[in-house]
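J.: Need coordinates for the following:
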Amino acid sequence: MIARASEDIAIRLSAIRRDFDSILLMSPVPDFVRNVLPTSARVVLSNDVLLDEDRLPFANGSFDCIISIGLLDTVNDLPGALALCRRALAPDGVMLMALAGAGSLPVLRKAMTVVDPGRSHFHPQIDVRAMGDLMLRAGFAQPVIDADSVDARYSALDRLIFDVRANGQGNVMLGRQAMRRRELVALEHAFASHAIAGRITETFVTLHATGWANAQ
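T.: Below you'll find the predicted structure:
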């Protein structure tokens with residue numbers, strides 16, 4: 001999904017008729033994203049902007065473009081993270097984001113509920129409307145949000161988990177401690193119960209969001 005989101009970001013970036021001198025890239029798997037960025041731009045790789053809600057590791061207005069792929073869906077304070085990113089943008093700068101959106105991994109969620117009912121195992125997911133509201137609150141202008149949904153078919157739970165981790169989405173689940181063998185076997189059975197003709201169809205929803213810093 002990261003590769004697909006990166007290609008989508010590249011298309012959106014190419015549609016913006018301006019050059020970018022400095023880009024802040026935030027992604028757990030940045031190599032996917034680097035390949036689609038302008039070679040003339042200075043690219044800074046850092047996820048620290050999201051780690052301290054009260055401290056910005058860059059001066060205000062340091063970047064004319066910020067790209068975040070596969071990261072914002074796991075922060076504890078999304079409004080605060082968006083506000084920090086907005087401050088890091090120069091006037092007329094743009095931020096492009098891709099994150100797991102509402103509706104992602106419904107089968108895995110159901111299976112987790114069967115194994116451990118009454119407990120939340122996933123970070124809250126944001127839908128298109130909520131994301132637009134959050135971006136306006138953070139000070140972004142002209143926010144544009146849409147969702148991209150993709151279905152994938154799996155023969156077993158371990159293949160899904162492999163894809164989730166390979167795409168840097170391992171942290172979408174809360175409480176990352178290893179499951180006991182008994183719990184894992186129960187989860188595998190609960191997931192497999194959704195199979196049709198030996199395959200389980202899982203859904204990945206990527207929320208794409210673009211917002212601008214007002215020119216001064």
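J.: Would you mind naming the residues that bridge with the residue nearest the centre of the chain?
T.: What sits nearest the mean C-alpha location of the chain, by Cα atoms, centre = their mean, is Leu99, with 2.2 Å. For Leu99, the beta-bridge assignment (DSSP bridges) gives partners Leu207.
J.: Do I have it right that it meets Ser68?
T.: Yes. At 7.4 Å, Leu99 counts as touching Ser68 under the criterion of Cβ atoms under 8 Å. All C-beta spots, glycine's among them, are computed from the backbone N, C-alpha and C.
J.: in the chain, what spans have low per-residue confidence?
T.: Applying pLDDT under 70 to the chain picks out residues 47-56, 118-121, 168-179, 215-216.
J.: Specify the local secondary structure of Asp64.
T.: strand (DSSP: H, G, I helix; E, B strand; the rest coil).
J.: swap in the one 4 residues further on?
T.: The local conformation at Ser68, judged by three-state DSSP, is strand.
J.: Quick one: residues contacting it.
T.: Residues near Ser68 by Cβ atoms under 8 Å, 6 or more residues apart in numbering: Leu25, Met26, Ser27, Cys85, Met95, Leu96, Met97, Ala98, Leu99.
J.: among those residues, which are in strands?
T.: By the criterion of DSSP state E, membership of the contacts of Ser68 in strands covers Leu25, Met26, Met95, Leu96, Met97, Ala98, Leu99.
J.: ok, so what distance separates the fourth one from Leu187?
T.: Spelled out, it's Leu96. Distance of Leu96 to Leu187, computed by Cβ to Cβ, to the nearest Å: 35 Å.
J.: So these two - more neighbours on which side?
T.: Using other Cβ atoms under 10 Å, the more surrounded residue of Leu96 and Leu187 is Leu96, with 22 against 19.
J.: For the more buried one, give me its contacts.
T.: Leu96 touches Ile9, Arg12, Leu13, Cys65, Ile66, Ile67, Ser68, His208, Ala209, Thr210, counting by Cβ under 8 Å, 6+ apart.
J.: The protein: helices as residue ranges?
T.: Residue ranges of the helices in the chain, as given by DSSP state H, are 2-14, 30-34, 78-88, 106-115, 128-137, 157-166, 181-192.
J.: Buried deepest among those, which one?
T.: helix 78-88 (a mean of 20; mean count of other Cβ atoms under 10 Å).
J.: could you dump it to PDB, C-alpha only?
T.: Extracted C-alpha coordinates of helix 78-88, given in PDB (Å, rounded to 0.1, in the frame of the first residue of the first chain):
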ATOM      1  CA  LEU A  78      -3.200  14.000  15.500                       C
ATOM      2  CA  PRO A  79      -4.500  17.600  15.800                       C
ATOM      3  CA  GLY A  80      -1.300  18.600  17.600                       C
ATOM      4  CA  ALA A  81       0.900  16.800  15.000                       C
ATOM      5  CA  LEU A  82      -1.000  18.600  12.200                       C
ATOM      6  CA  ALA A  83      -0.500  22.000  13.900                       C
ATOM      7  CA  LEU A  84       3.200  21.300  14.200                       C
ATOM      8  CA  CYS A  85       3.500  20.400  10.500                       C
ATOM      9  CA  ARG A  86       1.500  23.500   9.600                       C
ATOM     10  CA  ARG A  87       4.000  25.700  11.500                       C
ATOM     11  CA  ALA A  88       6.900  24.000   9.800                       C
END
